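Colleague: Coordinates for the following, if possible.
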Amino acid sequence: MGKLRHIAIAVPNTDEAATFYEQAFGLKRVRQSVSAILMSDGVISLAILDNKTSHEALGHNGLHHLGFITDDVGEASGRAESSGAVYADKAENIAKRFANRGQLQDGQLTADAQQQEQRKYVDPNGIKFDIVNNLHARNSWRLPV
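Modeller: Okay, the predicted model is just below:
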C-alpha cells in the first residue's frame, strides 16, 4: 500500500518560497540542488522546484506533483496503471535527476542510486505523481521511513 509523503510545487524563486515555509510553518531544509529545495516537517516532504532551472518544471507555477512511497514500486505501479495511470518519464529526465543529486560518478550510478526506485505517472485527470521506494525517500526527500 502506498502512502502520500511528498508534495512538489514549482516557483520562480525557491529560496524565497523556502524562507516562507520555514517562517510560517517551521519546515526544515533537508536537501538543496541547482533545481530544487527540499523541506520536511519530518513526515511529509515539500519539494520546491525552480521553474526556471528544473528540467521537469520549466514554466510551471503552483502545484506540480504528488509523491507516494511504497514497499514494492513494481506492484504499486502495476495497480496504478491498471487503474488508468500512464507512465510519464523519460530516460534523459532520469539521468538528469541522478546528476542533480550527485549520484553519478564517472557517468555511472553510485551503488546507493542503483537501489533507489522512482517512477513518474499521470493519473486519469492529468495530475502528475511519482511512486518511490524507501531508499529513494530517505535519500531524495530526507524522510524517515
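Colleague: tell me the phi and psi of V34?
Modeller: Phi and psi for V34, reported as degrees, to the nearest 10, are phi -70, psi -20.
Colleague: ok, the closest residue to L49 other than its chain neighbours to D50 distance?
Modeller: Leaving out its chain neighbours, the residue that sits closest to L49 by CB to CB, 6 or more residues apart in numbering is A57, at 4.0 Å. Backbone N, C-alpha and C define where each C-beta goes, glycine included. Distance, A57 to D50, by CB to CB, to the nearest Å: 7 Å.
Colleague: hey, what's in contact with both of these two?
Modeller: A10, S35 (CB atoms under 8 Å, 6 or more residues apart in numbering).
Colleague: between these two, who's got more neighbours?
Modeller: Per other CB atoms under 10 Å, whichever of A57 and D50 has more neighbours is A57, with 23 against 20.
Colleague: Backbone dihedrals for that one, both of them.
Modeller: Main-chain torsions, A57, degrees, to the nearest 10: phi -130, psi 20.
Colleague: same thing with N51?
Modeller: phi -80, psi 10.
Colleague: Can you report how many residues lie near the residue nearest to it when sequence neighbours are not counted?
Modeller: Closest residue to N51 apart from its sequence neighbours, by CB to CB, 6+ apart: A10 at 4.3 Å. A10 is flanked by 24 other residues according to other CB under 10 Å.
Colleague: Quickly run through the sheet partners of the helix or strand harbouring A10, with directions.
Modeller: Per DSSP states H and E, A10 falls inside strand 3-11. Partners of strand 3-11 in the sheet, by DSSP bridges, are strand 45-50 (parallel), strand 62-69 (antiparallel).
Colleague: Tell me how far the residue nearest to D50 when sequence neighbours are not counted lies from D71.
Modeller: Closest residue to D50 apart from its sequence neighbours, by CB to CB, 6+ apart: T14 at 4.9 Å. When distance is defined by CB to CB, T14 is 31 Å away from D71.
Colleague: picking that back up, the residue nearest to N51 against N61, yeah?
Modeller: Yes: with contact defined as CB atoms under 8 Å, A10 counts as touching N61 (5.8 Å).
Colleague: Next, show the common contact partners of the two.
Modeller: Contacts common to A10 and N61, judged by CB under 8 Å, 6+ apart, are N51.
Colleague: No further queries at this time; thank you.
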